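Chemist: Quick one: sequence and predicted model below, then my questions.
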Protein chains: 2
Amino acid sequence: MVTVSDLYAMDFEPRAIRKDIIGDLSNPEVFNYGVETYEAYKKKSLASDIIDEQKKVREADLVIFQFPLYWFSVPAILKGWMDRVLCQGFAFDIPEFFYNSGFLKDKLALLSVTTGGTAELYTKAGVSGDFRYFLWPLQHGTLHFCGFKVLAPQLSFAPEFVSEEERKGMVASWAQRLKTVWEEEPIPCMPSWYFGQ
Amino acid sequence: MVTVSDLYAMDFEPRAIRKDIIGDLSNPEVFNYGVETYEAYKKKSLASDIIDEQKKVREADLVIFQFPLYWFSVPAILKGWMDRVLCQGFAFDIPEFFYNSGFLKDKLALLSVTTGGTAELYTKAGVSGDFRYFLWPLQHGTLHFCGFKVLAPQLSFAPEFVSEEERKGMVASWAQRLKTVWEEEPIPCMPSWYFGQ
C-alpha cells in the first residue's frame, strides 16, 4: 500500500535529484536523471529511500495507491514516488521490457482515489469528463507501462461533502471489496477502456 | 515561463504542507490543505514562495510550461508547483469560477514538452496512445479548469535520441513559433480535441 499520508509521514522526497545517486555519476558533464538512476540501479547505488521502496514493491503481489485527486492526478509527493522509485532497470527496460513485458508484470495494482468533485462532474456529460480519461496517464502510462495488471479503480467521490452515512458507506464498500480482491480480473488496459471506441 | 530547470534551481518545494500556511489554521483539529490554503490566500498568509509564484502568474499574459515528460505527466517538482500555486481563491473558486470562468481566463497557457519516446509511440496506433490522451489532465483538468486559454502544445519527441541536426531543427521551429505565438488561436479544450468523437 502506497498512501499519500504515509509518504507525508516519511517526509518523502518528491524531487528527482543528484543525491538519488550515491557516488560518482556515469556522465558528470551532463546530468541525465534517467540514465544515471538506471546505472545506479544496476550498481546498487541508488539512495536508500528509493531502495527501501523498491524492496516493498518487489515483495508485494498487489500495490494499492491511496490518494486524493489533485489536478486530475496524484499529489506531487506521490508523483515523486513514481518518478523516483519506478526507475529503468527496476520497473522496466528499453527496448524490451515494458507494457506487457514490464518487470512488474506478475503484480497487481489498484488506484484508490478520493475526489473533491461529485460523481456527476466525472461523467462523459459532466464538465470534468469521464473519470477514465484522467486515469490514462496513471494506469496505462505508468502502472501498465511497468507491467502491472491493473484492477478497476476504487473511486470515492466527494467524501468531504457527502453525509456521514454516505461516507461510512464508502468505507464499508471498499472494505467489502478488499475481501475478494484476489478473485478480480484486471481491466483491459487499452484505449477503448478509457475513451470508448 | 515555468520551467523544471528553474524550479530545480530554486529547490522548489513540491509537497503540499502545513508550512504553506503562515500562522494559525482555521481548523487545527483536522488539517485540510485545500480549505486552509483557500483561507490563507484570502488572508494573504500563504508561504512566500507561493505568493511569489502567484505574482508571476498574475503579471503574465502567457504562461509557458517547459518540462520533460515523466510518466505521461509533469515531473513531481512541477506537479507541486501546480498543487501549491494554483490554489482556490487565486486560480479558481467553487461553485462559480472555474473552467471558462476561472480566474486566469484572460491568460494563455502553453505546454512545451520533451519526451523520451519517439513520435510514433504517441499515436493512436502506437503503444503509448495518442499524445493528446496524456494532455487531458494537464490542459483540461488543470489549465482550463483555472480558466487559461490553452495554445497547441509544443512537442519535441525524443531529443536525446535524434541527430544533432534534428535537435537544432526542434529548437529552431520552437523559436520560429514563438515569434507569432500571440496571433495563435487557442485549441478547443473539449473531449473531442483529445479523444476524437
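Modeler: Here it is on my side, so go on. Computed from a predicted structure; not experimentally measured. Residues are numbered from 1 along each chain as shown, chains lettered A, B, ... in the order given.

Chemist: can you tell if the strand or helix carrying A:Trp81 touches chain B?
Modeler: For A:Trp81, the host element (DSSP states H and E) is helix A:76-85. Yes: residues of helix A:76-85 are located near chain B by Cβ under 8 Å from any Cβ of the partner chain, namely A:Ala76, A:Ile77, A:Lys79, A:Gly80, A:Met82, A:Asp83. Every residue, glycine included, has its C-beta placed from N, CA and C.

Chemist: how much space between A:Glu53 and chain B?
Modeler: Using Cβ to the nearest Cβ, to the nearest Å, A:Glu53 is found at 14 Å from chain B.

Chemist: try A:Glu183
Modeler: Distance, A:Glu183 to chain B, using Cβ to the nearest Cβ: 29 Å.

Chemist: That residue - how many residues pack around it?
Modeler: Number of residues near A:Glu183 (other Cβ atoms under 10 Å in any protein chain shown) recorded here: 6.

Chemist: Please identify the one among the residues of helix A:76-85 next to chain B that lies nearest to B:Glu96.
Modeler: The shortest gap between B:Glu96 and any of the residues of helix A:76-85 next to chain B belongs to A:Ala76, at 27.0 Å (Cβ to Cβ).

Chemist: What segments of chain A are strands?
Modeler: All strands of chain A, identified by DSSP state E, fall at A:2-3, A:62-68, A:108-114, A:149-150, A:154-156.

Chemist: closest to chain B out of those?
Modeler: When the strands of chain A are compared by Cβ to the nearest Cβ, strand A:62-68 sits nearest chain B, at 8.7 Å.

Chemist: ok and that closest one relative to helix A:76-85, angle-wise?
Modeler: 150 degrees (axes from the mean of the first three to the mean of the last three Cα atoms, to 10 degrees).

Chemist: May I have strand A:62-68 exported as PDB, CA atoms only?
Modeler: Extracted C-alpha coordinates of strand A:62-68, given in PDB (Å, rounded to 0.1, in the frame of the first residue of the first chain):
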ATOM      1  CA  LEU A  62      -0.800  -6.100  -5.100                       C
ATOM      2  CA  VAL A  63       0.100  -2.500  -4.700                       C
ATOM      3  CA  ILE A  64      -2.700  -0.200  -3.700                       C
ATOM      4  CA  PHE A  65      -2.200   3.500  -4.200                       C
ATOM      5  CA  GLN A  66      -4.400   5.600  -1.900                       C
ATOM      6  CA  PHE A  67      -4.600   9.300  -2.700                       C
ATOM      7  CA  PRO A  68      -6.800  12.400  -3.000                       C
END
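
Chemist: Direction included, what does that strand pair against?
Modeler: Note on strand A:62-68: by DSSP bridges, its sheet partners are strand A:2-3 (parallel), strand A:108-114 (parallel).

Chemist: and that strand, what's its mean pLDDT?
Modeler: For strand A:62-68, mean pLDDT rounds to 98.

Chemist: Quick check: which ranges of chain A have low pLDDT?
Modeler: A:197 (pLDDT under 70).

Chemist: Name the nearest residue to A:Phe67, sequence neighbours excluded.
Modeler: A:Val4 (4.6 Å; Cβ to Cβ, 6 or more residues apart in numbering or on different chains).

Chemist: Now do the same contact list for the closest residue in space to A:Leu110 that isn't next to it in sequence.
Modeler: The shortest distance from A:Leu110 to any non-neighbouring residue, by Cβ to Cβ, 6+ apart, is to A:Leu151 (4.3 Å). For A:Leu151, the contacting residues are A:Leu62, A:Leu108, A:Ala109, A:Leu110, A:Val181, A:Glu184, A:Pro186, A:Ile187, by Cβ atoms under 8 Å, 6 or more residues apart in numbering or on different chains.

Chemist: ok, now how distant is the most far-flung residue of chain A relative to its centre from A:Val35?
Modeler: Most distant from the centre of chain A: A:Glu29, at 32.1 Å, with distances by Cα atoms, centre = their mean. A:Glu29 is 12 Å from A:Val35, where distance means Cβ to Cβ, to the nearest Å.

Chemist: do A:Val113 as well
Modeler: A:Val113 is 32 Å from A:Val35, by Cβ to Cβ.

Chemist: Same check on A:Leu86?
Modeler: For A:Leu86, the distance to A:Val35 - Cβ to Cβ - is 16 Å.

Chemist: and these two? which has more neighbours close in?
Modeler: Set side by side, A:Leu86 and A:Val35 show more neighbours around A:Leu86, with 24 against 15, by other Cβ under 10 Å.
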